[in-house]
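**Q** Any chance you can model this:
(2 chains)
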Number of protein chains: 2
Amino acid sequence: MENNKKKFMLRAIELSLISVNEQGGPFGCVIVKNDNIIAEGSNQVTRNNDPTAHAEIVTIRNACKNLNTFDLKGTEMFTSCEPCPMCLSAIYWAHIDKIYYGNTRVDAAKIGFDDNFIYDELVLDINKRKIPLEQINQKEAIVAFNNWDLKLDKIKY
Amino acid sequence: MENNKKKFMLRAIELSLISVNEQGGPFGCVIVKNDNIIAEGSNQVTRNNDPTAHAEIVTIRNACKNLNTFDLKGTEMFTSCEPCPMCLSAIYWAHIDKIYYGNTRVDAAKIGFDDNFIYDELVLDINKRKIPLEQINQKEAIVAFNNWDLKLDKIKY
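**A** Next up is the predicted model:
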C-alpha cells in the first residue's frame, strides 16, 4: 500500500506538470477506489472558463460520472496540493474517506494562489466579509424549504 | 433598484420551487449584471450525479459560459439560501461583487443540510478534521509549482 500511495500521488503530480505545459494551473488529482484509479483531473479554470474547475472538483465530477453516483464513500483522493476551502468542502459533500496531498497552502500562496485569504474570510461574521452579503425575501424563500421538508419521495444527499 | 432586487430574488426562489418539483434540492440562483439576469441555475446534485452541482456553482458556470470569462467581477448573485462554504469559496474565486440571499444556514440545517458542520471543520487544524489529511511526496509535487512560477506566458486567475 505504501508503494501504491506513492504511485497514485506521482500520477496526480504528473497531471499537474502536464497542466502547466497546457496553460492550466499547476494542480493535478486522482481518486482511488479498491487500489485502482477511478478518475483523474487537472485544473481547467482558464482553459474552460470555469472558476470552479479546480483539479479536485474536476476529479470528483469525473469519479461520480464514472461510478454513476453522487456519493464517493469508500474512495480516497490524491491531490498535488492541499485543497482550497472550495475543494475541501466539495470533498465533504462527496463523502470521500481520506485525502493525500503534496504541496501545502503555504506553497500555493508563494506562487500566487491565496487560499488562506478565503479560509480567513469564511470564519468572519457575515457582515465583516470583503464580499458583502444581504438577506432579503426570507418569507418567500422559506416556502421551497417547507415543500422539500414535506416531500415524501425526496432524494436526500 | 429595490424593486429589481426583489424581482431577481423572486426568480431565484421560483427556480428553487421548480427544483423541488423536479426532484432536485430546494435551491435556486441567478447572477445579474447591469440590472439583467445573465445566468440562472438550480441544485443538480441528484439529477446529474454531481455533489458539486449546488445552485450557486451551477449558476457561476453558466454565467462564465455566457460571458466567455472566468472572472465575474461586476456581477451580483441572488441565491435562495445563504451559500455553503463550497459555494461561498467559489464566489470568491469568481470575484462576484455582492451576494443577496433568502434563507439562512440555520434554515438549511433544519431541513437536513448541515453546512455548519463543514464551516466548523474548515477552521480546525488539519490533523483534527473528520476526514483525515496526510502529506506525502512534497519534494516531487513542488516541481509543478516551480515550473508555473518560472513560466512567462502563464494565464493568472
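**Q** Near A:Leu150, how many residues? Count them for me, please.
**A** A:Leu150 has 10 neighbouring residues, counting by other Cβ atoms under 10 Å in any protein chain shown. Every C-beta, even on glycine, is put in place using the N, C-alpha and C of the backbone.
**Q** Could you do A:Val123 as well?
**A** Using other Cβ under 10 Å: A:Val123 sits among 13 other residues.
**Q** residues touching the closest residue in space to it that isn't next to it in sequence, list them.
**A** For A:Val123, ignoring the flanking residues on the chain, the nearest one in space by Cβ to Cβ, 6 or more residues apart in numbering or on different chains is B:Val123 at 5.2 Å. Contact partners of B:Val123, counting by Cβ atoms under 8 Å, 6 or more residues apart in numbering or on different chains, are A:119, A:122-123.
**Q** and B:Val123, how far is that from A:Val106?
**A** According to Cβ to Cβ, to the nearest Å, B:Val123 stands 17 Å off from A:Val106.
**Q** now A:Ser80
**A** Distance of A:Ser80 to A:Val106, computed by Cβ to Cβ: 15 Å.
**Q** So stretch A:89-101, near chain B or not?
**A** Yes. Contact of stretch A:89-101 with chain B (Cβ under 8 Å from any Cβ of the partner chain) involves A:89-101.
**Q** what about the residue lying farthest from the centre of chain A, which SS state?
**A** Distance to the chain centre peaks in chain A at A:Lys139, reaching 32.4 Å (criterion: Cα atoms, centre = their mean). The three-state label given to A:Lys139 by DSSP: H, G, I helix; E, B strand; the rest coil is helix.
**Q** So for chain A, the centremost residue is which one?
**A** With distances taken as Cα atoms, centre = their mean, A:Cys87 lies nearest the centre of chain A, 2.5 Å away.
**Q** what's near enough to touch that one?
**A** A:54-57, A:79.
**Q** Surely it forms part of a helix?
**A** Yes. Counting by three-state DSSP, A:Cys87 falls inside a helix.
**Q** so what's it closest to, chain neighbours aside?
**A** A:Cys87 sits nearest to A:Glu56 (Cβ to Cβ, 6+ apart), 3.8 Å away.
**Q** Does the one you found touch A:Ile91 like I think?
**A** Yes. Under the criterion of Cβ atoms under 8 Å, A:Glu56 is in contact with A:Ile91, at a separation of 6.7 Å.
**Q** so where's chain A shaky on pLDDT?
**A** Applying pLDDT under 70 to chain A flags residues A:1-2.
**Q** Roughly how far does the residue farthest from the centre of chain A sit from B:Asp107?
**A** Separation of A:Lys139 from B:Asp107 (Cβ to Cβ) stands at 11 Å.
**Q** Also A:Asp120?
**A** 26 Å.
**Q** thinking again about what came up before, just the contacts of A:Cys87 now: which is nearest B:Val30?
**A** A:Ile57 (21.8 Å; Cβ to Cβ).
**Q** which residues of chain A fall in strands?
**A** Along chain A, counting by DSSP state E, strands occupy A:28-33, A:36-42, A:75-81, A:98-103, A:133-135.
**Q** With mean neighbour count as added columns, please give these in a markdown table.
**A** Listed next are the strands of chain A as a markdown table, based on neighbours: other Cβ atoms under 10 Å in any protein chain shown:
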| stretch | mean neighbour count |
| --- | --- |
| strand A:28-33 | 27 |
| strand A:36-42 | 19 |
| strand A:75-81 | 28 |
| strand A:98-103 | 23 |
| strand A:133-135 | 15 |
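**Q** Around A:Thr59, how many other residues sit close by?
**A** Neighbour tally, A:Thr59, other Cβ under 10 Å: 30.
**Q** now the contacts of B:Val123 in TSV, with distance to A:Ala144?
**A** Written out in TSV, the entries for those read as follows (distance: Cβ to Cβ, whole Å):
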residue	distance to A:Ala144
A:Tyr119	30
A:Leu122	25
A:Val123	28
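**Q** Mind exporting the C-alpha coordinates of the top helix by length along chain A to PDB?
**A** Longest helix in chain A, counting residues (DSSP state H): helix A:2-21. Output of helix A:2-21 as PDB, limited to C-alpha atoms (Å, rounded to 0.1, in the frame of the first residue of the first chain):
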ATOM      1  CA  GLU A   2       2.800   2.400   0.800                       C
ATOM      2  CA  ASN A   3       4.200   1.800  -2.700                       C
ATOM      3  CA  ASN A   4       0.700   2.400  -4.200                       C
ATOM      4  CA  LYS A   5       0.300   5.600  -2.300                       C
ATOM      5  CA  LYS A   6       3.400   6.900  -3.900                       C
ATOM      6  CA  LYS A   7       2.300   5.700  -7.300                       C
ATOM      7  CA  PHE A   8      -1.100   7.400  -7.100                       C
ATOM      8  CA  MET A   9       0.500  10.700  -5.900                       C
ATOM      9  CA  LEU A  10       3.100  10.600  -8.600                       C
ATOM     10  CA  ARG A  11       0.300  10.300 -11.100                       C
ATOM     11  CA  ALA A  12      -1.500  13.300  -9.600                       C
ATOM     12  CA  ILE A  13       1.800  15.200  -9.800                       C
ATOM     13  CA  GLU A  14       2.300  14.100 -13.400                       C
ATOM     14  CA  LEU A  15      -1.200  15.600 -14.200                       C
ATOM     15  CA  SER A  16      -0.100  18.900 -12.500                       C
ATOM     16  CA  LEU A  17       3.000  19.000 -14.700                       C
ATOM     17  CA  ILE A  18       1.000  18.300 -17.900                       C
ATOM     18  CA  SER A  19      -1.400  21.000 -16.900                       C
ATOM     19  CA  VAL A  20       1.300  23.700 -16.600                       C
ATOM     20  CA  ASN A  21       2.500  22.700 -20.100                       C
END
